[in-house]
Structure formats: C-alpha cells, structure tokens
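Visitor: Quick one: sequence and predicted model below, then my questions.
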Amino acid sequence: MTTFKNPALKQLTDQQVRFAPPARRLDQLHRAERLLAEIDPARLYPYQFICFRLTEYRPSSYPDLLIGGEDLKHDLCLFISQLSRSLPAVPVETVDEPVMTLEQMSRRLKVSTKTINRWRRRGLIGVPVVFKGRRQVGFLPSLVDPFLETNQDRVERGGRFSQLSDDEKEDILRRAKRLSRVGGTLTDVSRRIARRLRRSQETVRYTIKNYDRANPGQALFPSATGALDLDAKQTIYSSYRRGIPVDTLAKRFRRTRTSMYRVINEVRAKHLLAQPLDYIYHASFDDPTMERAILALMPDLEAYEDKRRSLRAPKDVPPELASLYEVPLLNKEQEQHLFRKMNYLKYKASQLRRRLRKDDETNDLVDPAKVRIQDLNRIEELQKQANEIKDQLINANMRLVVSIAKRHSGQAENFFELLSDGNMSLIRAVEKFDFGRGFKFSTYASWAIMKNFARSIPEEQHRRERYVTGHDELFDVSPDQRTDEQDLLASAEQASKRVNRLLEYLDPREQQIIRMRAGLDDNARPMTLEEIGQRMGITKERVRQLNVRIMNKLRTIAREQHMDLP
C-alpha cells in the first residue's frame, strides 16, 4: 500500500506536503477522514470534487478525470499517512485536546501496538508529538473518533481476539513449546495454533513474542537476526547442493526462505569468483557484429560427424587406446573456430563476473543482496559450454600425445604414466594456445609435450634410482608416528571436513568422479577406473585423465585456501 494508484492524487499529496502550512495540513487531515468515511467503493468520483473536499479549492486541472471508489479509498489512506507524517512534532502540553500515546491507544482498544500501526495504514490518523522529551506518535480524539465510528466491526473484532484469559495464554504457550521442538518458524506455529483455537494469528504470535521477551533464557523462538558466520553459510550452501530443501534449512537456522536463497547465491557467487577463468583475448571479442559468427556451429560439422560415425580403431591398437581413434582430427579452420569460440565464452563469463566484484584486485562480492541469480546461471552456462569445447579439442588431439609418448617410451618404464603426463601437457596447451597467431595447434602442442617429457623423464629416473633396495637404514631411523584411536578419529574427522570443503569448488561431474574413486560416500568402496567409466559411459583412460586433472585442480585450490590436502 505504498504506491498511489492515481498520479493526480499523488501530485496533490506532494503539493500539500511541500507547500501547505502545518495548521492547514491538520485541517486537511480532518477533511480526508470525513471523506474516507463517505466513499462508496462502487461509485466514480470526479477529481475536482475530491480536491475541493480536501483543500476547499477547485482546480482547473484534470476536468474529466473520474476515480473509482476502491482506488480512492486506497489513495486517501496514503494521503492521510503522508500528511500526518509531514507535520512538525509539537509538545503535548501545547495541544488543545488530550493526546494518547501508542501504548495508551493499545490498552484502550485492547489490541496490540502492531494492530494500531496496521490501522494507521487504513486511515487511522496519528500526529507527531513530543512526550517526555521524545518524539512519538500521538492520537487526538478529534482524529481518532471518525475512524472508530467508520470501522466499528474491525475494532470490535480486534479487541475480541486480543482478550485472552491466563488459561488461554498458557494453552497457546504449551502448544507453541511442543511445535517449536519439531521445527517450524514462529509464523508457521502461530498459524497452526490460531487455526486450532479459532483465534487471530497475530494475537497468537503476539502472545508468544511477549513470552520470549519476558523470558529470554527460555525463549521458544530465540532471536536469530544476527549475521551468519562463514561456516554457517558454507553449511547452508553445501546442504542445498546435496538436495536438502530450502524450507528445511530455513527452519534449522530459524531464518526466512528469502535469507536462505540470499546466502546460497552469495556462496555460489564466491565459488564462481574463486574458480580460475583465464582466456586468450582477441580483438574480435569487442565487436558486437562478430558474435553471431563466433558462436556459430563448427565449419563442415556435418562432414565431421559423418567421418566420426565411420571411424574404427586399427586392429593393433590396445583396447585402452581404442576410443582415441574414434574421434576425427580437426582441420585448421575448425581448430581456429573452436579455439576462438571457447575463449570468447570464457571472455563473456569473465565480463559477467566483474559485476559481482567490488574490486578487480580481490574476490570480494558486491552487496550479496544485489547478486542476481540470472547472472550466476549465465556465468555457469558459459563456463559449461567453454569446457565442452575444451574437451572436444583435447579428445581430437589425444592421438598426438600417443604418437609422441611412443617415441619416448624407451626412456621410461611405464608407457601409460608417460601418456598421462603427456595428456596433462595437452590440457595446458589447449588452455594457453593463442589461436590469433594463425599457427596450427598440433605444432604448439607437440613442442609443449616434448618439452615436458624432456624434464619429467630424467626426474622419474632419478626418483627410481633413489629408492632402490639397499637403503633400509632410512626406515630404521624414521620416528614412530603412531597414535591412539581418539587421535585417529579426530584427524579423520578434520580431514573429512577439509575434503568436503574442497569438493564444493568442483562441478557435479568432477565431484562424482572423486567420490567414486576415493569411496567417499557412506559404506562405499573405492571404485576402479574401469568401473567409473562404465558407470559414466566413458573409457577408463578418459576417467584417469579427468581424475588427474581434478586432483591438480584441488591441489591448486588447497594452496590458495591455505588448506592441507589429505
């Protein structure tokens, strides 16, 4: 009820608030109260007639304007409210009539002060006064009586609902104690009790609130208006991600659904800001006319898909690598298009992420209340699309890693470890390749993979030479790190919390892989790469690649968050 339904009446109200003297405004309040009592909701009223009744002045503006009775009652209540609030506070001693305070009005009418304030929005006039050195709302009989005469039914009903005997109050509190133990907000409990006892919900709620104020140590609904700490916010977000309903979280933390969603969006936004989002910039990203071409389908897509369907792995290829030969190679034009599209999607996501930051130098959020869920959804969708293109580029170049690994396999004992190392180099190369220079990606990726092999192979050989047999004395001087059962349990619990916090930075697919691989779910055993691949519909080799990438990601996050990765 805070917005006028008719602009003409809003304009009239603004004029009187700004220009009419206080004595004139007080007279207009009397007139507005009398007019409000006469309004028939089914009739139409000329604006000039309304203005004359309120101000004794008949304007020439809006000669043909007719206002419906229902809208007029609504706007007259706003007229009364704004005019009364605009009056200067005067000492009670200077007022010609006896003045009642809000508490005195509450006792006289046998309703709560909240009910009195609600009636003020329906036309009950209160004026500012100074009482005992304090500015507060005062009620004059000349302004109150017209409202009471016009709203007799409402006043009688309010008084009847508020007249509770001591036994009735005890009954309400007894029921509230029982219901508060099983969960539920004050509003929910008040509604249920009011329906059961055929009482006003506000009366029941007021009774409970009065008890809680008088007995803070035994309050049924302790105040929970303070700020939530970071751990509580993280718990709310983690619980929501695990599928716990918002209603359940609101009851557990004694907050509203709206506050729960605000916390969830705040933590979700912080996670989005914490995730690395590097991209290779290109001048075409700032040209709006290029967006359609950048986001278009890959060139020769139909021919590429036909070739994919017809591909078969050679017979001499090991089963673990057979899936690599089912993805066609990309030509230069297709590569350029996919790299530009992937980086453009990251660029768009980065632009949106800046809206969530107070400062580009930090990951601090703007006001969490201003974080829009549409922006969060859009950022996640852009990142998802970019990752899908990244996977496509990686899969199309996996055979390149195999061919280079074969040439270096004589220097390493385990070909598949070497292959895994090469795959990590390939992933980094996809992320760092500058497509704008016009080179083929295979040239850049080959150089990156071979450079990595030149460093990693000697390190692997040195590591194996250090730990050959014959150095048992190393074990003899090692201290005994065993501990008792309670220490182990405490350490395990702390490790579990750290792992769960880290997993929140992963997307659902990555979380699923880590949980299955490590057996993190209740009563679950660690699954093999092959079992995970069968569960997710991908190859064992692909699972291994993803697992390596995810673990590196977790280690990076753990370093940034100053956490130990168990």
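Guide: Everything's here; your move.

Visitor: Now do Ser259 against Pro41, distance only.
Guide: 38 Å (C-beta to C-beta, to the nearest Å). For the C-beta atoms, the positions are set from N, CA and C on the backbone; glycine is no exception.

Visitor: Show me which of these two is the more surrounded one.
Guide: More crowded of Ser259 and Pro41, by other C-beta atoms under 10 Å: Ser259, with 18 against 10.

Visitor: State the distance from that one to Ala454.
Guide: Ser259 is 56 Å from Ala454, by C-beta to C-beta.

Visitor: now swap in Leu26 and tell me
Guide: For Leu26 relative to Ala454 (C-beta to C-beta), the value is 91 Å.

Visitor: For those two, work out which one has more neighbours and name it.
Guide: A count of neighbours by other C-beta under 10 Å puts Leu26 above the other of Leu26 and Ala454, at 18 against 11.

Visitor: Next up, the contacts around the more buried one.
Guide: Going by C-beta atoms under 8 Å, 6 or more residues apart in numbering, Leu26 touches Leu87, Val127.

Visitor: Just the element for it, please.
Guide: helix 22-38 (DSSP states H and E).

Visitor: After that helix, which helix or strand is next?
Guide: The helix or strand immediately downstream of helix 22-38 is strand 44-46, counting by DSSP H and E.

Visitor: if we can go back for a sec, figure out how far the helix holding Leu26 is from the centre of its chain.
Guide: 47 Å (C-alpha atoms, centre = their mean, to the nearest Å).

Visitor: Okay, buried residues for it please.
Guide: Arg25, Leu26, Gln28, Leu29, Ala32, Glu33, Leu35, Leu36 (16 or more other C-beta atoms under 10 Å).

Visitor: same deal with stretch 36-50?
Guide: In stretch 36-50, counting by 16+ other C-beta under 10 Å, buried: Leu36, Ile39, Tyr45, Tyr47, Gln48, Ile50.

Visitor: Pull the contacting residues for the last one.
Guide: For Ile50, the contacting residues are Leu9, Leu35, Ile67, Leu72, taking C-beta under 8 Å, 6+ apart as the criterion.

Visitor: again, 7 Å this time
Guide: Ile67, Leu72 (C-beta atoms under 7 Å, 6 or more residues apart in numbering).

Visitor: same question, the first one
Guide: For Leu36, the contact set (C-beta under 7 Å, 6+ apart) comprises Lys73, Leu76, Gly123.

Visitor: Adding neighbour count, write these out as a markdown table.
Guide: What follows is these, written out as a markdown table (neighbours: other C-beta atoms under 10 Å):
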| residue | neighbour count |
| --- | --- |
| Lys73 | 17 |
| Leu76 | 21 |
| Gly123 | 21 |
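
Visitor: List the contacts of Lys169.
Guide: Thr207.

Visitor: Name the SS class of it, please.
Guide: helix (DSSP: H, G, I helix; E, B strand; the rest coil).

Visitor: same deal with Arg199?
Guide: Per three-state DSSP, Arg199 ends up coil.

Visitor: That one: how many residues sit nearby?
Guide: 20.

Visitor: quick one: it and Ile208, what's the gap?
Guide: For Arg199, the distance to Ile208 - C-beta to C-beta - is 12 Å.

Visitor: swap in Val144?
Guide: Per C-beta to C-beta, Val144 is found 29 Å from Ile208.

Visitor: of the two, who's got more company?
Guide: Looking at Val144 and Ile208 with other C-beta under 10 Å, you find the greater number of neighbours at Ile208, namely 23 against 20.

Visitor: isn't the more buried one right next to Asn215, touching?
Guide: No: Ile208 lies out of contact with Asn215 (C-beta atoms under 7 Å); the separation is 10.9 Å.

Visitor: least trustworthy helix or strand in the chain by mean pLDDT?
Guide: helix 473-476 (a mean of 42; mean pLDDT, DSSP states H and E).

Visitor: follow-up on the earlier one: output the contacts of Leu36 as a markdown table; include the columns pLDDT, secondary structure and distance to Arg241.
Guide: Below are the contacts of Leu36 laid out as a markdown table (pLDDT from 0 to 100; DSSP: H, G, I helix; E, B strand; the rest coil; distance: C-beta to C-beta, whole Å):
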| residue | pLDDT | secondary structure | distance to Arg241 |
| --- | --- | --- | --- |
| Lys73 | 86 | helix | 49 |
| Leu76 | 87 | helix | 50 |
| Gly123 | 76 | coil | 49 |
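
Visitor: Out of those, the closest to Ala322 would be?
Guide: Lys73 (78.7 Å; C-beta to C-beta).

Visitor: so what's that closest one up against?
Guide: So Lys73 contacts Leu36, Ile39, Pro41 (C-beta under 7 Å, 6+ apart).

Visitor: Lowest-confidence one in these?
Guide: pLDDT is lowest at Leu36 among those; the value there is 84.

Visitor: distance of that one from Leu109?
Guide: 19 Å.

Visitor: How about Lys73?
Guide: Distance from Lys73 to Leu109, by C-beta to C-beta: 21 Å.

Visitor: before we move on, what about Ala8?
Guide: 34 Å.

Visitor: In this structure Met290 contacts Ser284, no?
Guide: Yes: when contacts are counted by C-beta under 7 Å, Met290 is listed as touching Ser284 (4.5 Å).

Visitor: ranges for the helices of the stretch 51-200 of the chain?
Guide: Secondary structure of the stretch 51-200 of the chain, counting by DSSP state H, counting those that start in this stretch: helices at 69-86, 102-109, 113-120, 141-150, 152-162, 166-181, 186-197.

Visitor: and these, which is most packed in?
Guide: helix 69-86 (a mean of 19; mean count of other C-beta atoms under 10 Å).

Visitor: relative orientation of that helix and helix 22-38 in degrees?
Guide: 150 degrees (axes from the mean of the first three to the mean of the last three C-alpha atoms, to 10 degrees).

Visitor: Now do helix 69-86: distance to the chain's middle.
Guide: Counting by C-alpha atoms, centre = their mean, helix 69-86 comes out at 37 Å from the chain centroid.

Visitor: what angle separates that helix from helix 113-120?
Guide: Using the same axes, to 10 degrees: helix 69-86 against helix 113-120 is 120 degrees.

Visitor: low-confidence ranges in the stretch 451-566 of the chain?
Guide: 455-499, 520-525, 560-566 (pLDDT under 70).

Visitor: Turn the helices of the stretch 51-200 of the chain into CSV, including distance to Ala313.
Guide: Below are the helices of the stretch 51-200 of the chain laid out as CSV (distance: least, C-beta to C-beta, whole Å):
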stretch, distance to Ala313
helix 69-86, 75
helix 102-109, 84
helix 113-120, 76
helix 141-150, 87
helix 152-162, 80
helix 166-181, 64
helix 186-197, 62
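
Visitor: Phe131: which of those is closest?
Guide: Among these, helix 102-109 sits nearest to Phe131 (C-beta to C-beta), with 10.2 Å.

Visitor: Outside of that closest one itself, list whatever touches it.
Guide: Met100, Ser112, Thr113, Ile116, Gln136, Val137, Phe139, Val155, Gly158, Gly159.

Visitor: ok, now which ones touch the third one?
Guide: What that stands for is Thr113. Leu102, Glu103, Ser106.

Visitor: tell me the pLDDT at it?
Guide: 78.

Visitor: Would you mark the buried spots in whichever helix or strand Lys553 is part of?
Guide: Counting by DSSP H and E, the element that carries Lys553 is helix 540-560. Residues 540-547, 549-550, 553-554, 557-558 are the ones in helix 540-560 that count as buried (16+ other C-beta under 10 Å).

Visitor: Among the residues you listed, which one lies nearest to Leu54?
Guide: Distances from Leu54 to the buried residues of helix 540-560, taken by C-beta to C-beta, are shortest for Ile557, at 65.7 Å.

Visitor: how many other residues sit next to the nearest residue to that closest one once chain neighbours are set aside?
Guide: Leaving aside its chain neighbours, Ile557 sits nearest to Tyr505 (5.1 Å; criterion: C-beta to C-beta, 6 or more residues apart in numbering). Neighbours of Tyr505 under the rule other C-beta under 10 Å: 18.
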